[in-house]
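**Student:** Next input, structure requested:
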Amino acid sequence: MSHAIAAFPESRETLADTVSGMSLDIAALSRPLRRCNLTACGGTCCHDGVYLSSEEARVVRDVVGEKRVGLEALGAELPKQVVVYGKWRDAASGPKTATKPASMRAKVVDYPEHFPETSCVFLLDDARCALQVMATKEDKHPWSYKPLTCWLHPLSITSGPNHKPLLTLYSDVTDPQRYPDYDGFVCRTHCGRSQEAGEPAWQVLRWEIETLGEIGGRDLIAEIEAVTVRK
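**Tutor:** Purely as a prediction, here's the structure:
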């Protein structure tokens, strides 16, 4: 089995450098969450597609060019153009995965009112990602073709103190996508919402954090445990 994001060597190299010097927001990573339940969430986090780096955009186009028949056999409804130009307020712009109309409110009981009823074109009816399913069928790492922002969600790498990279988990207080007319993104998705009966986020998202550590040459879980146990 290949390693994570194998199809994105440039992104992996950049991410390795970022993670090697990254700080950990222990308080945020200790917020209680519950594991993702695709049946309940319906792929809520995929409702608007995902913004891509230039390498990710190129690779996603190439993967579809080579594997369109296989992806469509999985149930993906792919337009001719799977990567489009997008712009969201002044927060994001550039290449992103295309979206399609989707009856999200009919599928997800508590679908946020401020989220549009659309979904990424790679979101299958059972809420799995076609890119991930295809990689798994090929006996590759599930995230081989999956953009970083997708497999990292709900975690984020942002600029912390002294502009040093910081691994964090946005809350309803810190979510940068909260506006008077838009009540946040990460903190409103099922896997990003605080759950009183949940477990610490770093435990729930152990696979994602371990993968980041492997890429950056660090044992991030051990580093978190060292701090949380000491407390």
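
**Student:** quick one: buried residues of the one helix or strand Glu225 maps to?
**Tutor:** In the assignment (DSSP states H and E), Glu225 maps to helix 220-230. Across helix 220-230, burial judged by 16 or more other CB atoms under 10 Å covers 220, 224. Glycine gets a C-beta too; all of them are placed from N, C-alpha and C.

**Student:** and Cys45, which of the three is it?
**Tutor:** helix (DSSP: H, G, I helix; E, B strand; the rest coil).

**Student:** Just give the nearest non-adjacent residue to it, would you?
**Tutor:** Thr189 (4.4 Å; CB to CB, 6 or more residues apart in numbering).

**Student:** Burial check on the one you found, number of neighbours?
**Tutor:** Counted with other CB atoms under 10 Å, residues neighbouring Thr189 total 20.

**Student:** Could you check how far the most centrally placed residue in the chain is from Pro32?
**Tutor:** Closest residue to the average C-alpha location of the chain: Cys150 at 2.4 Å, with CA atoms, centre = their mean. Cys150 sits 23 Å away from Pro32, taking CB to CB, to the nearest Å as the criterion.

**Student:** How about residues contacting stretch 181-194?
**Tutor:** If you take CB atoms under 8 Å, 6 or more residues apart in numbering as the criterion, stretch 181-194 is touched by 31-37, 40-41, 44-45, 112, 114-115, 153-154, 156, 169-172, 175, 177-178.

**Student:** In this structure Leu33 contacts Gly198, no?
**Tutor:** Yes - the pair Leu33 / Gly198 is scored as a contact, 4.8 Å apart, by CB atoms under 8 Å.

**Student:** Overlap of the contact sets of those two?
**Tutor:** Each of Val204 lies in contact with both Leu33 and Gly198 under the rule CB under 8 Å, 6+ apart.

**Student:** which of the two has more neighbours?
**Tutor:** Remark: of Leu33 and Gly198, Leu33 carries more neighbours, 23 against 15, as counted by other CB under 10 Å.
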